[in-house]
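Student: Here is the input, now give the coordinates:
(4 chains)
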Protein chains: 2
Amino acid sequence: MARVAKNPGSVAVRDRLLEAADRLFYAEGTRAVGIDRVLAEAEAAKASLYSHFGCKDDLVAAYTERRIAEARWRIEAFVAPIPPQERATRIFDWIVAWAESPEFMGCPLQRMVGEITDAGHPARILAAGQREWMLARFVEWVEAAGAVNVQQVATALLVLFDGAAIASLQDGPRRARDARWAAEELLKAAAPGGRGGRRPKTRKQGR
Amino acid sequence: MARVAKNPGSVAVRDRLLEAADRLFYAEGTRAVGIDRVLAEAEAAKASLYSHFGCKDDLVAAYTERRIAEARWRIEAFVAPIPPQERATRIFDWIVAWAESPEFMGCPLQRMVGEITDAGHPARILAAGQREWMLARFVEWVEAAGAVNVQQVATALLVLFDGAAIASLQDGPRRARDARWAAEELLKAAAPGGRGGRRPKTRKQGR
DNA sequence: ACGGAGATAGACAGATCTGTCTGTCAATCC
DNA sequence: GGATTGACAGACAGATCTGTCTATCTCCGT
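Tutor: Prediction:
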């Protein structure tokens, strides 16, 4: 069981399938791409796909999971060398670079949620988890930035983050830069002693 | 040619088709809904659909056009009684109300753009026009608000607007309220004499 | 050397989807 | 009142999509 690649240099079929699905689903959407396209791109057999992933929906879920994992380590890797108090703003540099990359096609999770209406779909469940993770990061970064009104600023940055992705898909990467500018303004306004809101360090006010 | 409804009380078949398409496409996505579903919902014949709209893509374009027209008059109607200098912030009240409505399924244009990859698709062309219209409104409102750095603030609000829609689809209407808070902060910061940016009334710095 | 696990290739069933076409009916126009 | 027009109903073709299944091949461990 779980044999390795049979010939050196080739990748295990499950990975090939997932990589092919990743490329195609992200570029064209999960609904627009059929199983056969994935098989051709992966140079794999249909039986392999259905033995590794039970059905297409589960392949979509696996694709979503992969995108989430990738996003997390990319973000963590980007943020790691940055002083904690600067992370809340600098993360928007990352978004700008992402939006400027030639293969950028928006946020895969946003597009998946737009396509898959059923909130109970396994991929939707995964995406909901990523929302919480992302918000938790913003709370962390905003807190480290020493801002007042942490929760409110963090959710505002989350919304800006989302807006940067979808607006860049429509108008190009300039929107990501616009989001960055807005994020900087918000954090300046939320600097302690600034024109910002209330002081309490932590305040339960919903997520 | 262009006959009226044959029996009183019934609507012309083209309108019925468009209304049915609108409901179904918005609720489930243009790709998930087949022609037959639209026909059943509209209680119309297939030949009627293909004679009024040439193909499904054109029906999708007509749906998009309808959504755009509706958005424009709704926004204009909402904004009309509001003093111009308050419109930039108060428009976010409109978004909050929208996101709170039970049938809210995100911004139809965002979801369409996420589904339809081909930027040359007629519906995509229409959507691009709506982007310009929306940005022009924000510029107008921000200018009326007397803010400095009009273009930059306007694009920031546009990104917040987009973020409010997609984030509310994922996390619920609280994100629209978060966007409203952020918009208020940005406008406060951009008040003349505030901590905001430069003064020039109009400044070409891209759209 | 042999048996089994995993991979491939592809036929196949069944559903669904777009788009065409034929035939019928009712209302309207000249 | 006869011709025209628009709508309806639905069969049909052709493509595509998901998912199953069979048959074959190739590694790998024993």
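Student: make it CA atoms for all contacts and neighbour counts henceforth
Tutor: Fine.
Student: Residue A:159 sits in which helix or strand?
Tutor: Counting by DSSP states H and E, the element that carries residue A:159 is helix A:150-171.
Student: by contact count, what packs against that helix?
Tutor: Applying 3 or more CA pairs under 8 Å, 6 or more residues apart in numbering or on different chains; DSSP states H and E, one finds that helix A:150-171 contacts helix A:87-100, helix A:122-144, helix A:174-189, helix B:150-171, helix B:174-189.
Student: buried sites along that helix?
Tutor: For helix A:150-171, the neighbour count (16 or more other CA atoms under 10 Å in any protein chain shown) marks A:150-170 as buried.
Student: Once you drop chain neighbours, what's closest to residue A:67?
Tutor: Spatial nearest neighbour of residue A:67, chain neighbours left out: residue A:108 (7.4 Å); criterion: CA to CA, 6 or more residues apart in numbering or on different chains.
Student: what about that neighbour, neighbour count?
Tutor: Counted with other CA atoms under 10 Å in any protein chain shown, residues neighbouring residue A:108 total 23.
Student: Can you give me the distance of it to residue B:167?
Tutor: For residue A:108, the distance to residue B:167 equals 14 Å [CA to CA, to the nearest Å].
Student: pLDDT value on the residue nearest in space to the middle of chain A, please?
Tutor: Ranked by distance to the mean C-alpha position of chain A (CA atoms, centre = their mean), the top residue is residue A:71 at 5.0 Å. For residue A:71, the pLDDT comes out at 98.
Student: helix, strand or coil for it?
Tutor: helix (DSSP: H, G, I helix; E, B strand; the rest coil).
Student: contacting residues around the closest residue to chain B within chain A?
Tutor: The minimum distance from chain A to chain B, using CA to the nearest CA, falls at residue A:163 (3.6 Å). Taking CA atoms under 8 Å, 6 or more residues apart in numbering or on different chains, we find residue A:163 in contact with A:179, B:159, B:160, B:161, B:162, B:163, B:164, B:166.
Student: and what of residue A:100?
Tutor: A:172, A:173.
Student: 10 Å instead?
Tutor: A:94, A:168, A:172, A:173, A:174, A:176 (CA atoms under 10 Å, 6 or more residues apart in numbering or on different chains).
Student: next one: residue A:108
Tutor: A:22, A:25-27, A:29-30, A:63-64, A:67-68, A:114, A:127, A:165, B:114.
Student: Turn the contacts of residue A:100 into a markdown table, including distance to DNA strand C.
Tutor: A markdown table is the format used below for the contacts of residue A:100 (distance: CA to the nearest atom of the strand, whole Å):
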| residue | distance to DNA strand C |
| --- | --- |
| A:94 | 36 |
| A:168 | 28 |
| A:172 | 29 |
| A:173 | 32 |
| A:174 | 34 |
| A:176 | 34 |
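Student: Among these, give me the pair with the biggest separation.
Tutor: A:94 and A:172 (15.1 Å; CA to CA).
Student: Domain-wise, how is chain A divided?
Tutor: A:11-54, A:64-207 (automatic domain parsing).
Student: Could you look over these and pick the most buried one?
Tutor: Highest mean neighbour count of those: domain A:64-207, a mean of 19 (counted as mean count of other CA atoms under 10 Å in any protein chain shown).
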